[in-house]
Every structure is written in structure tokens, then in C-alpha cells.
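1. Need the 3D shape of this:
(chains A and B)
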Amino acid sequence: MSVTVSERIRKLFNDPKSHKVLATVSRDGIVNVAFKDSIGIDKEGNLEYLELLESSQTNRNMTNAIWFDRMVAVNAADDSGISVQIKGIPFRYTMVGPRFEEAYARVREQDPDSDLAGIWSIHPVEVIEETYVKRRQKERKLYPIIGHIDRDLL
Amino acid sequence: MGVILKDWRKHEESIDDIIEKYPDVSRFTILKTDLHRRGYTLSEAAREKLDPKIHHTSTRGLFAQKDNDPVGLTLRDGTGIIGSFAANDVVPLREPYLLDVADGKLVLTDQGKIYEEAEYWYKPKYFDKLTSKGTPMWQVLSARFQRLEVTLSHSCQFWNIPGGGCKYCSMGAIGAAERKKGCPLFADVDDIAETVKEAVKKPGRFAIFHATSGSILSGEKLLEDELNQYILVLKSLVPFLKTNKLRGHINSTAFNRNQLERLKKETGLDNYTSDIEVLGEDLFNWICPGKAMIIGYQEWKHRLFDAAEIFGKGHVTTDIVNGVELVKPYGYNTEDEALKHLLEEAEDFAKHNVAVVNIVWNVVPNSIFRDQVSPSLDYYIRVSRGLARIYRTYGLQVYMDDYRRCGNHASTDLTRN
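-> Numbering: from 1, shown residues only, chains lettered A, B, ... in the order given. You can find the predicted model right below:
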């Protein structure tokens, strides 16, 4: 079941200055993680990822994910410490047609030496707040036992 | 719609059975295989969505294709469905799938169940243009969704030898029809060069240039005319390339070592295929008698091994018309037996750095094998799975013949993950 991505999160993912890392799993169950600048959120609220390297392990793993409905995860973070993870399932790989050709032209404009293998579209299934300060607040509220007692002393 | 095998659903496992049976095989690849095996027709709603102004509905590839029907489909994972449109005037072996519309989207259905979304291929921009000689460009170069392809000749001279044509093939009929019309033996090289130049103006549209031909045996030496034509065409593209090379691939008759070396040296070609069509010498001799007589199975095989030495590992493939190994009366008696022998022989090719890739045999009405029956979906999946395992075991990358640069092989599709 898809979840709705808020405007705040959309801005974080679409900010060219934010850092995005994509985690995927191979057909043999081996995890792979890679920084990917080419990730954003489209108008429909789906993650969109431009794969620039056809032979990459990420691309293989994304194919595995769409074939067998496996989850992938993207974490976006900015320099102020805001961090959000979205888990989702790839549902489309666009490598032909007007949408692909438009994206291809954009990629080549940014870097004439680049190519584009395809555009992955990912349904978001879970959005997780990863901003450390917020996570800490939440943990302390939910599980007050967690932590060290020296922090309790005057 | 009437079908030839009236009770086939009672005797074969369904696609749902196969998807469940092989949880490690992509259901997209299983569906593609079954579509290639059974074909598909269009509902009225799907037909209304087919627009010849934007969709690819005409082609002049190696084999006949009617106009105003879809040339291919793309599934949502990028899998291509090549041809497979079930023409109304041919009684199919088994019921084709139905391409219908649901929630505004094209969907592939069987017995009312939706299996997958699909999209029509887009017509390339160059299709509506003419060459400077007035030839419609769509007749000069055909296309798959990412492949630009030229057929140098629709004649196959193995059919000129009495009883020499391959028994599953319809090229004999096509070549004869063209000769009757007085068509030249080879496509015009200037038209080809001009069309390629026009086609690649659209950035991102094509990932490979592919040339093939019917077998042309003539020349000072055997196959020399065919070789010369490939060299001429590839060289004609050089003037407008940055690096004297185009991402290219040819599928020719089996050239000998000297011819292969000349092809490599004069054109810089990187990728080579020559279709052996069927694995196993006895079956080859029966099914492809002309090829057997003129070149021979063992020689064809060794020419492929030579090609792998010249073009390198991962740059040579050979196609098989998967399914003909079971035809009566001389084919294998069971699918298990066929699978065993096929994969053993494919492994021998792999040891010499040649990847055997499979296409689903389409029983065509104007072929000698028109009354035969293609095998089960289960068999095809076992073959594709077995071939993909062989590629992985021997470290054979098959990009040259993969889902994007060809789209016709379930075996190479299964290497995507």
C-alpha cells in the first residue's frame, strides 16, 4: 500500500544539494548501497531514480526488486541534519519513449559525457523520520529506560 | 477464435502454474515467453488506442509483417515483446492473449484475467521521411524499441538449392515474392547511410545498429558477396561518426576465419552473431539441409569459435529456433531429453566463449513445419533458465543480445538481475 509523501519531504528529496543514498539487495541476498544524486520525487509522489550506469549492481538489484516485488530504500539528508528514509517497491522501468528521451536530453545537457540507462519509478511504502534529534526525542519519550544513568545525575 | 490445439489447456500447465513453479524466474519473462509462443490480439478498445501517427505499426524486417498492427509491446519492467501479433487470417495453435484496456491502460489478459500492463512501441521520427532517392525511410531501416536494424537482403540462397531451405522458416516464400517483383538483391547502401544519419538525430532513441541478411552464397569465394555487402554498409556510416565506429552488431551466415578477420579489420565491428538455429548435428542436417550441405554443423560451430577468438568473449552469440528440436518424426521424443541435449551442447559453445541464445519458435503457415506443434511453456522456461545459468557459470556477458539491444531472447533477459 502506498503512502503519501509530504511537501517537506518532497523538497528534501528534490533539493539538488541534499545527499541521497539508495540501498538495494541482490538476487543472492547481498545488500548494496550507493549515493545517487539522480533521485527525486515526482508529481505523483513516487520516487524517481535516473540510472546512469546500465551495468551497475544497483541496476541489477532494482531489476530483481521489480521482478519479485522486493523493497528498496532511499535515505535523503541535508547539511542541517534533516534526514528521511523512504522504503518502496519499484513498479516501472522506463527506457524508451518520450519520457525517457526527455530525461536523456536533460542528463546529456548536465554532462555531455553521460548516458542514461533508464528511469526507475518506486512506489513509497513507508516513510521514516531519520533526523537524529527527532529520533532521539521520540526514543526518550517511548522508552525512558534506554540510556545511561550518569545522564540522570546532577 | 478457432484454434488448432482445441484442448491444449487441459494438457499443458498454465502460465499461473509456471509462475508458481519457478519462483526464481521473472514473471515478466515468463509472460513474454508465452506471448511469443501464443501471440496476442487486440480488443476494440486496444485497437482504438493504437495510433499509426505515433505508434510503430509498419516494418520491413527480415520476415513479413502486416501494416497497421502493433510491431511490438513494452512491459513495465522494460521487457520487449517482439512481433507476436496474431493475424486474423491465421488459425493459431493456441488461443492468443488479448490486449485490452482497463482503467485507461493497455493490459494483457487471458481468459479475463489481467496479467500485466503494456505499451505500444513508438514510431521512430525518421519513419515519415524519404531518402534523397525518394525511398520511404521506414522501408530502408526497421526498428525495435532501442535497436535500429537493416536487412541487407530478403533473399536466402539456401532456398535456391532444391530442398535446401530451413524447414521452420518462411524466408523462401518472401524471397521468391521479392524476386517476382524484380526487387534488387541488396538494399541500397546510400539509402541506408542516409537513413541511419537521420535516425540517430533523435538522442536516446537507439542503443545499437544491427544488420542482418538472408544468406547470400555467391561471390569469388563462398559468402564473399554477403561479406562485401556488410563491409560496404558499415563503412558507409563512417563519414558521420566521431570515432569511426558505431555501436554495431551483425547477424550473418557463418563466415570463415579469413572473412571474420577481414570484417573486423575493415570495419572495427565489435559484435557478431551467426545463427546455428538448432543444436545437434543430426537435427541440423535434417532441419537445415542447405546449411548442412554447404557449410556443415561442425564447421559452423568452429567458425563461431573462431569468431569468439577474433571478436572476444561476450561479443559472439548464436541463436537457436527453440522448439524445433522436438518436431516429429526425427526430433527428441520428450522435452526432458531435448533439454538435456540442448544444454549440454550449449555448454560446449560457452566453453569456447560463444553464448547460445534462444528465440521461441513461431510455427508459421508458409513453412515446411507448418503442421508441427511448438512445445510447452514449461519447456521454454527450463531452457531459458538453463542457458542463463550457463552464461553466469562461464562469465559470458550478453549485452549485445540483451533485452534492450535485441529484446527477442528470454535467456538473455534472465541475466538482467
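
2. which residues sit in contact with whatever residue of the stretch 101-250 of chain B ends up closest to chain A?
-> Chain A sits closest to B:Gly204 of the stretch 101-250 of chain B, with a gap of 3.2 Å, by C-beta to the nearest C-beta. All C-beta spots, glycine's among them, are computed from the backbone N, C-alpha and C. By C-beta atoms under 8 Å, 6 or more residues apart in numbering or on different chains, the contact list for B:Gly204 reads A:100-101, A:104-105, A:108, A:116.

3. Out of those residues, which end up buried?
-> In terms of neighbour count (16 or more other C-beta atoms under 10 Å in any protein chain shown), the buried residues within the contacts of B:Gly204 are A:100-101, A:104, A:116.

4. What is the end-to-end distance of stretch A:66-82?
-> 29 Å (C-alpha to C-alpha, to the nearest Å).

5. near chain B at all, that stretch?
-> Yes: Stretch A:66-82 is in contact with chain B by C-beta under 8 Å from any C-beta of the partner chain, via A:66-68.

6. ok, and the most crowded of those?
-> The most crowded member of the residues of stretch A:66-82 next to chain B, judged by other C-beta atoms under 10 Å in any protein chain shown, is A:Ile66 (24 neighbours).

7. OK, contacts around it?
-> Counting by C-beta under 8 Å, 6+ apart, A:Ile66 has contacts A:89-93, A:120, B:76-77.

8. B:Arg257 contacts B:Ala308, doesn't it?
-> No: counting by C-beta atoms under 8 Å, B:Arg257 sits too far from B:Ala308 to count as a contact (11.5 Å).

9. more crowded one of these two?
-> For B:Arg257 versus B:Ala308, the count of surrounding residues by other C-beta under 10 Å is larger for B:Ala308: 21 against 14.

10. what residues are up against the more buried one?
-> B:Ala308 neighbours (C-beta under 8 Å, 6+ apart): B:315-316, B:352-354.

11. any chance you could map the helices in the stretch 301-417 of chain B?
-> In the stretch 301-417 of chain B, the segments counted as helices under DSSP state H, counting those that start in this stretch are B:335-351, B:377-393, B:410-413.

12. could you check the angle helix B:335-351 makes with the second one?
-> With axes from the mean of the first three to the mean of the last three C-alpha atoms, to 10 degrees as the criterion, the two stretches helix B:377-393 and helix B:335-351 enclose an angle of 20 degrees.

13. Okay, buried residues for helix B:377-393 please.
-> So helix B:377-393, judged by 16+ other C-beta under 10 Å, has buried residues B:377-391.

14. Which of the residues of stretch A:66-82 next to chain B fall within strands?
-> Here DSSP state E is the test, and the residues of stretch A:66-82 next to chain B give no hits in strands at all.

15. Out of the residues you listed, the closest to chain B would be?
-> Checking those one by one against chain B (C-beta to the nearest C-beta), the nearest turns out to be A:Trp67, at 4.0 Å.

16. Nearest spatial neighbour of that closest one, chain-adjacent residues omitted?
-> B:Ser26 (4.0 Å; C-beta to C-beta, 6 or more residues apart in numbering or on different chains).

17. sorry, back to before: for B:Leu98, find the nearest of the helices of the stretch 301-417 of chain B.
-> helix B:377-393 (17.3 Å; C-beta to C-beta).
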